[in-house]
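Chemist: my questions concern the predicted model and sequence given below.
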Number of protein chains: 2
Amino acid sequence: MPQTPGGSGVVADPQGFTLRSPEGVTYRVDIDHGVLSPGNPLLASYLADRQVIAFTGPTVDSLYGSALRAYLRAWLAPGSWSTHVIRTGEQHKSLATVEQICAVASERRLGRNGVMLSVGGGVTCDVVGFAAAMFCRGVRHAKVNTTLVGQVDVGVGVKTGVNAYGSKNALGAYHPPHGSLNDPVFLSTLPPRQIRSGLGEIVKMAVIGDRELFETLEQEPGIFIRATGHDREDYVLRRSMELMLQELCPNLHEVDLARLVDFGHTFGPAIETGSGYRIAHGESVAIDMAISSHLARRLGLIDESTCDRIVGLLHALGLPVLDSGTCRPELLREAMRSARSRRGGRLHLVLPSGIGSAVFSDDVPDGVLVEALRALAGAERQAIGAGRR
Amino acid sequence: MPQTPGGSGVVADPQGFTLRSPEGVTYRVDIDHGVLSPGNPLLASYLADRQVIAFTGPTVDSLYGSALRAYLRAWLAPGSWSTHVIRTGEQHKSLATVEQICAVASERRLGRNGVMLSVGGGVTCDVVGFAAAMFCRGVRHAKVNTTLVGQVDVGVGVKTGVNAYGSKNALGAYHPPHGSLNDPVFLSTLPPRQIRSGLGEIVKMAVIGDRELFETLEQEPGIFIRATGHDREDYVLRRSMELMLQELCPNLHEVDLARLVDFGHTFGPAIETGSGYRIAHGESVAIDMAISSHLARRLGLIDESTCDRIVGLLHALGLPVLDSGTCRPELLREAMRSARSRRGGRLHLVLPSGIGSAVFSDDVPDGVLVEALRALAGAERQAIGAGRR
């Protein structure tokens, strides 16, 4: 278990992980089956003796709203909790929704010791987390992550935020969750496209840091969609969470703007936003990883077979690797300018240097970008022509 | 100089103060004459080598905009700075204004290393500070405080925020300024009512912690309005800043919700909001202090002469001590409920126990509140009848 001398690091236990950052931030990320089962004390342990408002989106409310209310009724004092359904979707991931959440909390007299609980995917947890960060200048946020992206990515970190002026996650706060609960049971009701979106983030962690995880995905491309057994699923979930936490821990507040977890997140946000959110987050990450792999190959960081293997895994998982509507040189150049600005003047583009390792690049010559796009498009045409896609 | 063993505390020097909090937050609060004079390097030292957007309100822009631009032109590289005028006033202290500020920063490609500089009063610095807290999840904020309230209160702390759903400072963030500059020169163009509003906050610091400061105000009730000499003014400014910083330092993030600096801020916010902001912030603080002094007298914490002396100073400074439109028992009881909620379930009402000392009270019997209001109103009627007011 990697732990720095100062006592910071990520410590694993059967129930999940405890993160202790060098600046003293501590929080739990749990993994458990059936967190809304009336007999499971885990979620209640993060809420006990405090006023709680649970926020969900319409979909989670229709699927799990009754179970959630039954759970809260069983564990919390009458009058100390309530639920509220918020609008979800990227178009509602806005400051206006955050203000509405806070208005609800104010009407229901949630105090400084209150808890905002979010049960949902990335959008729900991001907006409720941001609301918790600014309500009374900060109240507790506990979250139950119901999507795969949530469980391996958004849900395990401290970033909260909203979209603004056409820019993805433009505004936000670092607000550590008091507890973050990942329950594989929720994944069974997730549409396949949302599973695939989460797999995009898992491939990201595998490429930058874990060859074994990569190979597991190659062996089980239908994981979380077709039956592959709980052990395999739990291994992939736990390992992805752990890799993410380890990358985040020493740099929780992104003081260092060169982050390996930004693999897939340089061109990705521009592709996602540029498509008007027609392309889902994890899909945009996949497309970015395919482009970045071809860039890495052009720049001599990986050979052709490694590049094909990464793009091949994305295909096998059912993820897109190219989008003719957005993958134009001018949009991708603009994406790099925007990333450079976000990252303090340097590009810090993450490129694979193998399966399980990656490096940063601060300069992508224009010719290389155009050639990489052409090679990726050519390979796609060939694959389609050969009937492999 | 009070300094805790861990190295935290407030250290004074000829130029101002350095605050080091126990959790490791460090920032400067400077006091200097002529911070916008082209030859003064102080402000530039907080901005050098970074992209800067300076935000002001219309009034500050019309009075000091040219001087500000000349200063930035003299010290910063061409193309690295710009200015923008925002709407001010409590009605524009909103999330919408924060989003507009961030949109301007985004359009002008302010990166993560950029600086938002606010030059203005409490509203300007609060909204720009909150924007700086959430833009890219946090960029540097430097501030030049141009009002007396800003220089002795808002400007020296780490709180930023906006009003929402009819509630004062309902949403916000703790975002330490990179530097906070207080220049008495700005006070010369301040309307007397705004000076008085600042004096309200200074009386607060004096009553809870410094009899000498209180007596100085008694001797010089026209301070900052009529000529009293730079030495007296600098003493009052420096001492108020220092007292405030010392109170804030060990509890920067308000983990302890029992705060002496909340004297005047239990009934005050409800009076200010309830008046539709007809009553200025410092005026609402003054009215709260008068009510609280009469409560303290009823509860046997101070004698009649001490109570009269506090209310008398407020009068001498030209501050209101009662407002018939808002000072009704039901509004004040609602204010206590709201404060209790903000303060984690306990009231923590600050009451004077002398000139220069204060205590907390968690319970004000209803009868005592009504009697205190009656006594205050009676004293006012008498004073008016005697022609003393």
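Modeler: Perfect, I can see it now.

Chemist: can we go C-alpha only for contacts and neighbour counts from here?
Modeler: Fine.

Chemist: can you tell me the closest non-neighbouring residue to residue A:209?
Modeler: Excluding the flanking residues, the one nearest residue A:209 by C-alpha to C-alpha, 6 or more residues apart in numbering or on different chains is residue A:356, at 4.1 Å.

Chemist: stretch A:128-141 near chain B at all?
Modeler: Yes. Residues of stretch A:128-141 contacting chain B under C-alpha under 8 Å from any C-alpha of the partner chain: A:133-138.

Chemist: now that stretch - C-alpha only, PDB.
Modeler: Taking Å, rounded to 0.1, in the frame of the first residue of the first chain, the C-alpha atoms of stretch A:128-141 are listed here in PDB:
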ATOM      1  CA  VAL A 128     -25.100  18.600  -5.200                       C
ATOM      2  CA  GLY A 129     -21.400  18.500  -4.100                       C
ATOM      3  CA  PHE A 130     -20.900  22.100  -5.400                       C
ATOM      4  CA  ALA A 131     -24.100  23.100  -3.600                       C
ATOM      5  CA  ALA A 132     -22.800  21.500  -0.400                       C
ATOM      6  CA  ALA A 133     -19.500  23.400  -0.900                       C
ATOM      7  CA  MET A 134     -21.100  26.800  -1.000                       C
ATOM      8  CA  PHE A 135     -24.200  26.400   1.200                       C
ATOM      9  CA  CYS A 136     -23.300  28.200   4.500                       C
ATOM     10  CA  ARG A 137     -19.800  28.100   2.900                       C
ATOM     11  CA  GLY A 138     -19.700  24.300   3.300                       C
ATOM     12  CA  VAL A 139     -21.800  21.500   4.700                       C
ATOM     13  CA  ARG A 140     -21.200  17.800   4.600                       C
ATOM     14  CA  HIS A 141     -21.700  15.900   1.400                       C
END
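
Chemist: average pLDDT for it?
Modeler: Across stretch A:128-141, pLDDT averages out at 97.

Chemist: list the buried residues of it.
Modeler: Residues of stretch A:128-141 classed as buried by neighbour count (16 or more other C-alpha atoms under 10 Å in any protein chain shown): A:128-141.

Chemist: report the buried residues of stretch A:161-172.
Modeler: So for stretch A:161-172, counting by 16+ other C-alpha under 10 Å, buried means A:161-164, A:167-172.

Chemist: how long is that stretch end to end?
Modeler: End-to-end distance for stretch A:161-172: 4 Å, by C-alpha to C-alpha, to the nearest Å.

Chemist: mark out where each domain of chain A begins and ends.
Modeler: A:9-189, A:192-385 (automatic domain parsing).

Chemist: what's the first-to-last distance across the shortest one?
Modeler: Put plainly, it is domain A:9-189. 34 Å.

Chemist: distance between that domain and the chain's centre?
Modeler: 14 Å (C-alpha atoms, centre = their mean, to the nearest Å).

Chemist: before we move on, back to that, list the contacts for the residue nearest to residue A:209?
Modeler: A:206-211, A:214 (C-alpha atoms under 8 Å, 6 or more residues apart in numbering or on different chains).

Chemist: out of those residues, list just those in helices.
Modeler: A:206-209, A:211, A:214 (DSSP state H).

Chemist: let me know the closest of those to chain B.
Modeler: residue A:208 (24.3 Å; C-alpha to the nearest C-alpha).

Chemist: does the residue nearest to residue A:299 when sequence neighbours are not counted sit in a helix, a strand or a coil?
Modeler: What sits nearest to residue A:299 in space, not counting adjacent residues and going by C-alpha to C-alpha, 6+ apart, is residue A:368, at 7.8 Å. Assigned with DSSP: H, G, I helix; E, B strand; the rest coil, residue A:368 falls in the helix class.

Chemist: residue A:368 and residue A:361: what is the separation?
Modeler: Noted for residue A:368: a distance of 13 Å to residue A:361, by C-alpha to C-alpha.

Chemist: residues from chain A in reach of chain B?
Modeler: Close to chain B, as judged by C-alpha under 8 Å from any C-alpha, chain A has residues A:95, A:99, A:103, A:109-113, A:133-138, A:164-165, A:170-174, A:341-345.

Chemist: one more time with 7 Å
Modeler: A:103, A:109, A:111-113, A:134-137, A:165, A:170-174, A:341-344 (C-alpha under 7 Å from any C-alpha of the partner chain).

Chemist: show me where the stretch 151-300 of chain A has strands.
Modeler: A:159-164, A:167-174, A:179-182 (DSSP state E, counting those that start in this stretch).

Chemist: export these as a markdown table, with columns for mean pLDDT.
Modeler: Converted to a markdown table, these look like this (pLDDT from 0 to 100):
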| stretch | mean pLDDT |
| --- | --- |
| strand A:159-164 | 96 |
| strand A:167-174 | 93 |
| strand A:179-182 | 97 |
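
Chemist: residue A:58 and residue A:85 touch, don't they?
Modeler: Yes. Between residue A:58 and residue A:85 a contact is recorded at 6.1 Å, counting by C-alpha atoms under 7 Å.

Chemist: rebuild the buried residues of stretch A:128-141 as JSON lines, extending it with secondary structure.
Modeler: Listed next are those as JSON lines, based on three-state DSSP:
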{"residue": "A:128", "secondary structure": "helix"}
{"residue": "A:129", "secondary structure": "helix"}
{"residue": "A:130", "secondary structure": "helix"}
{"residue": "A:131", "secondary structure": "helix"}
{"residue": "A:132", "secondary structure": "helix"}
{"residue": "A:133", "secondary structure": "helix"}
{"residue": "A:134", "secondary structure": "helix"}
{"residue": "A:135", "secondary structure": "strand"}
{"residue": "A:136", "secondary structure": "coil"}
{"residue": "A:137", "secondary structure": "coil"}
{"residue": "A:138", "secondary structure": "coil"}
{"residue": "A:139", "secondary structure": "coil"}
{"residue": "A:140", "secondary structure": "strand"}
{"residue": "A:141", "secondary structure": "strand"}
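
Chemist: can I get those in JSON lines including distance to residue B:72?
Modeler: Converted to JSON lines, the buried residues of stretch A:128-141 look like this (distance: C-alpha to C-alpha, whole Å):
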{"residue": "A:128", "distance to residue B:72": "39"}
{"residue": "A:129", "distance to residue B:72": "38"}
{"residue": "A:130", "distance to residue B:72": "34"}
{"residue": "A:131", "distance to residue B:72": "36"}
{"residue": "A:132", "distance to residue B:72": "37"}
{"residue": "A:133", "distance to residue B:72": "34"}
{"residue": "A:134", "distance to residue B:72": "32"}
{"residue": "A:135", "distance to residue B:72": "35"}
{"residue": "A:136", "distance to residue B:72": "35"}
{"residue": "A:137", "distance to residue B:72": "33"}
{"residue": "A:138", "distance to residue B:72": "35"}
{"residue": "A:139", "distance to residue B:72": "39"}
{"residue": "A:140", "distance to residue B:72": "41"}
{"residue": "A:141", "distance to residue B:72": "42"}
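
Chemist: per-residue pLDDT of the residue most central in space within chain A, please?
Modeler: What sits nearest the mean C-alpha location of chain A, by C-alpha atoms, centre = their mean, is residue A:153, with 2.9 Å. Residue A:153 is assigned a pLDDT of 91 by the prediction.

Chemist: who's in contact with it?
Modeler: Residue A:153 makes contact with A:201, A:244, according to C-alpha atoms under 7 Å, 6 or more residues apart in numbering or on different chains.
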